[in-house]
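**Student:** turn this into a model:
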Amino acid sequence: MLRKTPHQFPIVDLPRKASYLDISQNISTQKTRPAIFLDRDGVIIANRAPYVLSWTDVEVLPGSLEALSRLALAHWAVVVVTNQACIGKGLLSIQEARKINQRLLEHITACGGRVDAIYMCPHIPGEQCICRKPKPGLLLQAAKDLHLELKSSILIGDALSDLQAGWKAGLHRLILVRTGRGRDQLQQAARAWKGPDFIVHENLLTAVRWLLLSQVSNDR
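**Tutor:** Numbers count the residues shown, from 1 in each chain. The predicted structure follows:
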């Protein structure tokens, strides 16, 4: 079902076994391009215990808005992929979650940044959905909807489950940031990670700076 909110961001409700999408009206799907996939909580905004349940719970992490403004003119699509089990647990409705995402998008845009789409899994662990990270469903659905080239895409997350989702979707560049759960997850990776190599950055801004510098070097 496709409908518009008062702020004119189209909303798509996908089937129960699929992901849920908030997508900005400015995304272009006419040409295949790579994406930067970002986790939301722990990468763009701070994690909250137990969950981010209202706009008053939203704390944008230092450097995140600058990072998204630097990506605004980059060639990558910017896609947020987030697990929100608080919906499946009955702590937050999809409508309430949508309002938080819409307001976050508007705040990012007002600060000069860009997020093209938000894909959200509302299911609880163990529900056997196809979209909850570490499953790759959110990324695969985004690639289908937005004509994204996954092999050239990048994932930035604060959890090993983020990296696993990117790996399973066929991404070759995976970045773990130390914000959110990142520091604890890095220690866990040292003990038990069996996936591909990944890069570690302090936060989203340092990761984006590195990516943009790498892109300039590759273009020379």
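**Student:** list the contacts of the residue lying closest to Asp162 once chain neighbours are set aside.
**Tutor:** Leaving aside its sequence neighbours, Asp162 sits nearest to Asp39 (C-beta to C-beta, 6 or more residues apart in numbering; 5.0 Å). The way it works is simple: take the backbone N, C-alpha and C, and place the C-beta from them, glycine included. Contacts for Asp39 (C-beta atoms under 8 Å, 6 or more residues apart in numbering) come out as Val80, Val81, Thr82, Ile156, Gly157, Asp158, Ala159, Asp162, Gly180.
**Student:** at 6 Å instead, please
**Tutor:** Neighbouring residues of Asp39 by C-beta atoms under 6 Å, 6 or more residues apart in numbering: Gly157, Asp158, Asp162.
**Student:** make JSON lines from those and add distance to Leu73 to it.
**Tutor:** Output for these, formatted as JSON lines (distance: C-beta to C-beta, whole Å):
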{"residue": "Gly157", "distance to Leu73": "23"}
{"residue": "Asp158", "distance to Leu73": "25"}
{"residue": "Asp162", "distance to Leu73": "25"}
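**Student:** so where's this structure uncertain?
**Tutor:** The chain contains residues with pLDDT under 70 at 1-30, 216-220.
**Student:** helices along the chain, start to end?
**Tutor:** Assigned by DSSP state H, the chain shows helices spanning 64-71, 85-88, 94-110, 137-146, 160-168, 182-192, 204-219.
**Student:** need the winner for burial among these.
**Tutor:** Of all these, helix 160-168 has the most neighbours on average by mean count of other C-beta atoms under 10 Å, namely a mean of 23.
**Student:** isn't Val60 up against Asp41?
**Tutor:** No - taking contacts as C-beta atoms under 6 Å, Val60 lies outside contact range of Asp41: 11.3 Å.
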